[in-house]
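Peer 1: structure, please.
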Amino acid sequence: MSIKRTDVLKLYRQLLGGHRRMRFTDREFYLARVRDEFRRNVDVTDPGLRRKLYERGKFIADNELGGLI
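Peer 2: Sure thing, here's the model as predicted:
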């Protein structure tokens, strides 16, 4: 399974929007961390690593685990 750019952008928006539902996390820190992680990994070309990063982000978004990134 190849991770498409649109899937990554959708996940990014989902993670950024998820800060509204978090109660036990500093929201500003969470938003800064999400942005930093995406900027740091923008040039990743290895399909295995891309899939791993995507699945990690998806898990955090789906389980609202913002304090664990």
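
Peer 1: where does the spatially most central residue of the chain sit, in terms of helix or strand?
Peer 2: Nearest residue to the geometric centre of the chain (Cα atoms, centre = their mean): residue 57, 3.9 Å. In the assignment (DSSP states H and E), residue 57 maps to helix 47-63.

Peer 1: now do the helices in this structure.
Peer 2: Assigned by DSSP state H, the helices in the chain fall at 5-17, 27-40, 47-63.

Peer 1: let's have those in CSV, adding mean pLDDT.
Peer 2: CSV is the format used below for the helices of the chain (pLDDT from 0 to 100):
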stretch, mean pLDDT
helix 5-17, 93
helix 27-40, 90
helix 47-63, 91
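
Peer 1: quick one: residue 2 and residue 28, what's the gap?
Peer 2: 34 Å (Cβ to Cβ, to the nearest Å). For every residue, glycine as well, the C-beta is placed using N, CA and C.

Peer 1: nope, residue 41 is what I meant
Peer 2: For residue 41, the distance to residue 28 - Cβ to Cβ - is 21 Å.

Peer 1: mind checking which of those two has more residues around it?
Peer 2: Between residue 41 and residue 28, counted using other Cβ atoms under 10 Å, the more crowded position is residue 41 (14 against 9).
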